[in-house]
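Chemist: Got a sequence here, can you build the structure:
(chains A, B, C and D)
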Number of protein chains: 2
Amino acid sequence: MGISDRKEREKQEMRKLIIGTAMDMFINDGYEKTSIRNIAEKIEYSPATIYLYYKDKDELLYEVQGEAFAELYKAFEKEATSTEPMEKLEQLLHSYVKFGFEHPDLYDLMFILRSPMKAVSEDWPNCDESFDFLIKTITPCMDQLRFSDPGVAALSIWALGHGLISLFIRQRIKVMHLSDEEQRALITNTVDEYLRLIRK
Amino acid sequence: MGISDRKEREKQEMRKLIIGTAMDMFINDGYEKTSIRNIAEKIEYSPATIYLYYKDKDELLYEVQGEAFAELYKAFEKEATSTEPMEKLEQLLHSYVKFGFEHPDLYDLMFILRSPMKAVSEDWPNCDESFDFLIKTITPCMDQLRFSDPGVAALSIWALGHGLISLFIRQRIKVMHLSDEEQRALITNTVDEYLRLIRK
DNA sequence: AAACTTACTAAACGGTGTTTAGAAAATAAA
DNA sequence: TTTATTTTCTAAACACCGTTTAGTAAGTTT
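Modeler: Alright, predicted model coming up:
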């Protein structure tokens, strides 16, 4: 049955077209400002067509989140490569913060946006993967870290990185009355001092 | 002129009615799910009336943020009372996290929500106040802290607290597969270990 | 009592996510 | 090849949203 094969292929291509366009627009304009109608217009289909391929806007977000987490994981693999455990951990945190700086709108929809129920109730494959990378990086460092257990260590490191980036992205660091460049420098500085603090 | 006095009073009462109702609804349903139309319905006026007292929905948010920051500051004053600098700093961070746990929707609109331009461009009186409290609490601790300067110290402490609460509120800690209670306990634990880390 | 000012709202504008009913095109069967 | 069936798409509508406009009704002043 060659025809139904092609149809399946075309269906997958359409899904890719939609999700690719959605991702572009989420990155450029943010999730909230991107409407189903805008996406439809860009791909030259009617809005209703999108609903033949995705259940609702949340499902679009869910898919884009998946791709974004895959990108984060790739960044980890590329940038946290040291064979020395503590150095690898440092590279990992730097990589995380760098990702936030370079892809603020992706970071936003991954970690800040109110997540669709699907993402929090069912499991979240590509997110788990990145979190696993953190856990696996921490584990061999435990004897050199001033944390009581890996759970606390993971959450502490993640929370510090996330806190810095999300305060920056959502412009709350403005209360410190610093320029954009000064804010970035201070954040980098704060990361480095934190990494020094946690060492035994 | 008694009449214009009364009119002014009535005007202020109307503003209070609107902002009070808005705050209630922001707390119960969140900012995004609360519509001008719903607020108008609850106070039994037409939606257009609200625009005679507030420029737009952002201005409502701005005002509620102000009140929320005032509440946070009150919490600080009540709970961070020690005369011993380091102990006061610990009380402050605990107070911050407690505020987040107890008023998640207020915390959300203060620190997580995309803030209206007014809040970030002009100054933000009640937010400055709370941030000042942090700076003033940190300053006398500097000789006992493992930070190079107060700016880094302030941002580090804030980012850790904010990171924990915002990951919790936006349900990202779910990747750790813990119950709500376990998550809260882990957060408290992480705060305590952090406070231990930063001590000289 | 008439003129003026203030307080309010009905209705509309242009936007949103989403659903429905029906048209058009592609495929299968005759 | 023509008819029947399935698949693919969209126009239009529904129920919301924030906001503006134009006009009504009430209160105040002259």
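Chemist: Could you see whether chain B lies near the helix or strand of chain A with the lowest mean pLDDT?
Modeler: Within chain A, no helix or strand scores below helix A:117-121, which has a mean of 69 by mean pLDDT, DSSP states H and E. Yes. Applying CB under 8 Å from any CB of the partner chain, one finds helix A:117-121 touching chain B at residue A:120. The way it works is simple: take the backbone N, C-alpha and C, and place the C-beta from them, glycine included.
Chemist: distance between that helix and the chain's centre?
Modeler: Taking the mean of its C-alpha atoms, helix A:117-121 sits 16 Å from the chain's own mean (CA atoms, centre = their mean, to the nearest Å).
Chemist: do the same with stretch A:130-143
Modeler: The answer for stretch A:130-143 is 18 Å, by CA atoms, centre = their mean.
Chemist: cool, stretch A:50-65 as well?
Modeler: 17 Å.
Chemist: So for it, what gets flagged as buried?
Modeler: Buried residues in stretch A:50-65, defined by neighbour count with 16 or more other CB atoms under 10 Å in any protein chain shown: A:50, A:53, A:54, A:57, A:60, A:61, A:62, A:63, A:64, A:65.
Chemist: now do stretch A:191-200
Modeler: The neighbour-count check on stretch A:191-200 (16+ other CB under 10 Å) flags A:191, A:193, A:194, A:195, A:197, A:198 as buried.
Chemist: Any figure for the gap between the first one and DNA strand D?
Modeler: Look at residue A:191 and DNA strand D: by CB to the nearest atom of the strand, to the nearest Å, they are 37 Å apart.
Chemist: Surely that residue touches residue A:161?
Modeler: Yes. Proximity of residue A:191 to residue A:161 meets the contact threshold set by CB atoms under 8 Å, at 7.2 Å.
Chemist: joint contacts of these two?
Modeler: A:93, A:97 (CB atoms under 8 Å, 6 or more residues apart in numbering or on different chains).
Chemist: May I see the buried residues of stretch A:50-65 arranged in JSON lines, with distance to residue B:172 as well?
Modeler: Output for the buried residues of stretch A:50-65, formatted as JSON lines (distance: CB to CB, whole Å):
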{"residue": "A:50", "distance to residue B:172": "27"}
{"residue": "A:53", "distance to residue B:172": "27"}
{"residue": "A:54", "distance to residue B:172": "23"}
{"residue": "A:57", "distance to residue B:172": "20"}
{"residue": "A:60", "distance to residue B:172": "19"}
{"residue": "A:61", "distance to residue B:172": "14"}
{"residue": "A:62", "distance to residue B:172": "14"}
{"residue": "A:63", "distance to residue B:172": "18"}
{"residue": "A:64", "distance to residue B:172": "16"}
{"residue": "A:65", "distance to residue B:172": "11"}
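Chemist: and these as TSV, adding pLDDT and distance to residue A:23?
Modeler: Output for those, formatted as TSV (pLDDT from 0 to 100; distance: CB to CB, whole Å):
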residue	pLDDT	distance to residue A:23
A:50	98	14
A:53	97	15
A:54	97	13
A:57	97	13
A:60	97	9
A:61	96	10
A:62	95	12
A:63	95	8
A:64	96	5
A:65	96	10
